[in-house]
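Novice: turn this into a structure:
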Amino acid sequence: MNARVRIPSRSTLRHWGRRAALGLGLVVSGLVALVTLGTLVPAVPVLGYYATTWVGPRPLWYVVFGLLIAAGAVVAWKRGKRRTAVWTTATSAITAIGAATVLTTQLLYAHSQNVPVSAADVLAVDQPTAPPDHVIGFDRVEGRTLRAGLWTPRAEDQQGDKPMVVWIHGGGFATGSRSQRAGDYRWLANHGYPVLSIDYRLTPPPRWKDASDDVVCAMSRLARLARPYGVDTSHTVLVGGSAGGSLALNVAYGLKTGRIASSCTARLPAPPVAVAGFYPAADLKGTWQDNGLLGYGREITEGYTGGTPAQYPERYAYASAVNRVRPGLMPSLLVTGASDHLIRESRVRGLADRLRQAKDDVRFNAIPYSDHAFDDTYHSIAGAVGRNLLLRFLNGTA
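Specialist: The predicted structure follows:
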């Protein structure tokens, strides 16, 4: 005899559907509150990184999330669901107040730096695309052509004799591309600064010397690369972020002292008139010791050098700009996130302190509630601060 299968009624299905939706909503509200709280306490392992990465660039979104959760709490209270109302009231308060703290602090910091912040920056929307005006090969090595993208000012944006920006992309020495910050390149070009963003050899194998050699090679061939397009290459500023910031500082200081090499010429080019490093890995031994971002710190430094600091101390020393500090260096701009989980803010601050001790010109900024690569989100408060700090620095070198 076959047992009869009882099919739930529509009302029963609706009841359980509502309960499932309510349960999911409570879980989501709790997670959003937890993430927001993690932004305020970035030292919490794992949570702190994801929190600052998600909330830091878009705090207004989380303020709105908090208000929506609060609206849900009101509805729950009116329907007599007291425990649900208490839970959602608590999570909405944590989310809205926490995110508002991040938003207000970042806006106040931008104001303190005299940086204009647009509605798009607050809303964290509209990521621009900006292909280069020209793509040029500058060297062929190991069977591969290294290329550079050139973003040039329009005729109406050209303003006197401004230095050329040579940009070095980041990516842990293993990934990334010359178009990584294309929105920033076009923005700088629109302010009168031509930008050349270059390739360099990536790991594997270890590139602790090859990468900087490629940057020097590109610097030595600027006239051939850019002058055909009407760009003055007589004075340059090296700029980079993360791994690119490490290379920018290392090459700039190396060219100033003559202790660097090129992959394509024996004669070294003139050093840049200034250098800017965003969240730079300027102390590779320190990055290895900190082992930030869930072990990624050691992964990138060992991949770049071929081993540990104990195995290859000379490689770590050669590839670390912190070891090249001495009196008489060009002006340096150092910008980092105050909550950076890969290159600790204290490491970048330490480089700034060492430059000051050597009586070198250095400007240091730590943007609050911002993590590594905070400017990945072009339209964000931190992104706007970073761009404008760089523009002001460039204007001071022109």
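
Novice: so after the helix or strand where residue 140 lies, what's the next helix or strand?
Specialist: Applying DSSP states H and E as the criterion places residue 140 in strand 134-141. The first helix or strand that comes after strand 134-141 along the chain, using DSSP H and E, is strand 144-151.

Novice: picking up where we left off before, what helices or strands is the strand holding residue 140 leaning on?
Specialist: strand 144-151, helix 210-220, helix 222-226 (3 or more Cβ pairs under 8 Å, 6 or more residues apart in numbering; DSSP states H and E). All C-beta spots, glycine's among them, are computed from the backbone N, C-alpha and C.

Novice: wait, residue 113 sits on residue 365?
Specialist: Yes: contact criterion Cβ atoms under 8 Å: residue 113 and residue 365 qualify, at 7.2 Å.

Novice: quick check: neighbours shared by these two?
Specialist: Shared contacts of residue 113 and residue 365 (Cβ atoms under 8 Å, 6 or more residues apart in numbering): 385, 389.

Novice: so which of those two has more stuff around it?
Specialist: residue 365 (18 against 14; other Cβ atoms under 10 Å).

Novice: helix, strand, or coil at that one?
Specialist: strand (DSSP: H, G, I helix; E, B strand; the rest coil).

Novice: give me the beta-bridge partners of it?
Specialist: For residue 365, the beta-bridge partners are residue 335 (DSSP bridges).

Novice: that one: what's it in contact with?
Specialist: 113, 334, 335, 336, 385, 389.

Novice: repeat that for residue 209.
Specialist: 261, 315, 318, 319.

Novice: repeat for residue 354
Specialist: Residue 354 neighbours (Cβ under 8 Å, 6+ apart): 322, 325.

Novice: which strand or helix spans it?
Specialist: Using DSSP H and E, the element containing residue 354 is helix 345-357.

Novice: looking at the helices and strands packed on strand 134-141, which is nearest to residue 166?
Specialist: With respect to residue 166, and counting by Cβ to Cβ, the nearest of the helices and strands packed on strand 134-141 is helix 210-220 at 6.5 Å.

Novice: identify the residues contacting the closest one?
Specialist: Residues contacting helix 210-220 (Cβ under 8 Å, 6+ apart): 138-139, 141, 146, 148, 166, 168, 173, 196, 198-202, 225, 236, 238, 247-248, 250-251, 254-255, 260-265, 267-269, 272, 304, 319.

Novice: do stretch 320-328 as well
Specialist: Counting by Cβ under 8 Å, 6+ apart, 246, 249-250, 252-254, 256-257, 259, 277, 280, 282-286, 317, 350-351, 354-355, 358-360 sit against stretch 320-328.

Novice: and those residues, which of them are in strands?
Specialist: Members of the contacts of stretch 320-328 lying in strands (criterion: DSSP state E): residue 277.

Novice: can you flag the buried ones in the contacts of stretch 320-328?
Specialist: Among the contacts of stretch 320-328, those classed as buried by 16 or more other Cβ atoms under 10 Å are 246, 249-250, 252-254, 256, 277, 280, 282-286, 351, 354-355, 360.
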